[in-house]
Structures are given as C-alpha cells and as structure tokens.
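**Student:** next comes the sequence, and after it the predicted model I'd like to discuss.
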Amino acid sequence: MRVFLIDVDNTVYPQEAGVFDLVDKRINEYMIKFLGMDPQEVPRKRIEYWHTYGTTMAGLMKHYHIDPHHFLEFTHDVNLNGLVKPNPKLREKLKEIDAVKIAFTNAPLKHAQKVLELVGIIDLFVDIFDIISSDFIGKPHKYPYQKIVELTKAKKYLMADDVEKNIKTANQLGMFTIHISKDGGIGHLNIDKLENVPIEIVNSL
C-alpha cells in the first residue's frame, strides 16, 4: 500500500485565496482577547513560538496552559465561502494518483472538512489526520508523522505540503516529498500547484 499525505491549507488551494490571513487575524485576536497580551507584543511572541514549538498554539499551551479545543474553534471560525473554490483539475489529478490519500493538517477537523468540500475533493480521502489526531503536536514535529506511519504501516509514503519545515521532516523520515512552492523548494518534486504534479513520476515510485 502507498499512502499520499496531503496538506490542506495553501496546498489544495492557492495561498492567494487569503484563508490563512483570516485565521492569522483570529489568532492575534485570541491572544489579545483571552490572554490579555499587548497587541504590539503579539507578533514577536508568535514568531518565537513558531520557531521554538512549530505552532503558536503549542507555545500558548506550554506558557499559558490554554484549552487547545477552544483555541482551534475560535481561530478557525472564518467564512471560507468565496475564498476556496472547486478545482476540477485537481480532482481529476488526484483520482489518477495510485495511492491511499490522507489529509495531513495542523488545522482542526471541521476546518479541513470544509476546505476539502469546497474544493470538491473530500470524497477522494480515506481519512483526515488533523491536529487533534496528533494529540495537538503539529508538523514539523516528527511525532504526527510517526503516528500516521504506525497507524497505516504502508510500504511507501508520499507527502505534499507548502511549508518548508514540514517537508524537511518528511525528507528525514524517508518520504517522497512534493513541495508546493513558487520559489523553488526542497522536495523531491517542487511545483507551484498540486494539480501540476506529474502523474507519470508519482505513479512510478
């Protein structure tokens, strides 16, 4: 069995859609509203936590003991309609790829489901492995990758993601990586859009 791990945000739709901009604002709002942080301090804290722990949420859990369920619900309460659109080309390309497809995301389940529904590809995935499935330990930490491998026990793993750090971890674990980036990348394949993945290469692995 081959498993294709596919990131959700900024991977199955273009970054230009602006979804993370909305989530980004909600994260800032959460830190100000519920933790009483100085708005001027929030950007520095977020950069610090992202570099140290991989996600802002992980840093807030460690230093502020936040409820991760509440954090995820608040920060991903955004309207995706009109931003994330159906992508028939991507749907057809994914159908051609000979692998079990699992969405692998640092977002919560409901958000990932909504995105995949709007893109029109949710039925092509056998599962969604979200941040809750990984015990709130997100990419690029090795733990969620290792948990997926333990659960699926596939012979071959492919992974598509737009974040360089996430690709680096997958590379270290011996996965075949597809880096979604317009500025080059560090994957075995580097492409600007997931729907441009070369079928002949992927299916020959």
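**Tutor:** Received, thanks.
**Student:** after the top helix by length along the chain, next one along is what?
**Tutor:** Assignment by DSSP state H gives helix 19-33 as the longest helix of the chain. Counting by DSSP states H and E, the next helix or strand C-terminal to helix 19-33 is helix 42-53.
**Student:** tell me the contacts of the closest residue to residue 105 other than its chain neighbours?
**Tutor:** Closest residue to residue 105 apart from its sequence neighbours, by Cβ to Cβ, 6 or more residues apart in numbering: residue 8 at 4.2 Å. Heads up, the C-betas are built off the backbone N, CA and C, glycines and all. For residue 8, the contact set (Cβ atoms under 8 Å, 6 or more residues apart in numbering) comprises 103, 105, 107, 111, 112, 115, 116.
**Student:** give me the number of residues near the third one?
**Tutor:** Applying other Cβ atoms under 10 Å, we find 25 residues neighbouring residue 107.
**Student:** next: the first one.
**Tutor:** In terms of burial, residue 103 registers 26 neighbours under the definition other Cβ under 10 Å.
**Student:** also the last one?
**Tutor:** Here the neighbour count serves as a burial measure; for residue 116 (other Cβ under 10 Å) it reads 22.
**Student:** so where does it fall, helix or strand?
**Tutor:** helix 109-119.
**Student:** list the buried residues of that helix.
**Tutor:** Across helix 109-119, burial judged by 16 or more other Cβ atoms under 10 Å covers 109, 111, 112, 113, 114, 115, 116, 118, 119.
**Student:** how about stretch 34-46?
**Tutor:** In stretch 34-46, counting by 16+ other Cβ under 10 Å, buried: 37, 42, 45, 46.
**Student:** from those, which single one is nearest residue 170?
**Tutor:** Residue 170 has its nearest neighbour among the buried residues of stretch 34-46 in residue 46, at 24.0 Å by Cβ to Cβ.
**Student:** gap between that closest one and residue 31?
**Tutor:** 8 Å (Cβ to Cβ, to the nearest Å).
**Student:** overlap of the contact sets of the two?
**Tutor:** residue 56.
**Student:** can you tell me how far the residue nearest the centre of the chain is from residue 205?
**Tutor:** Nearest to the geometric centre of the chain sits residue 105, at 3.4 Å (Cα atoms, centre = their mean). Distance, residue 105 to residue 205, by Cβ to Cβ: 23 Å.
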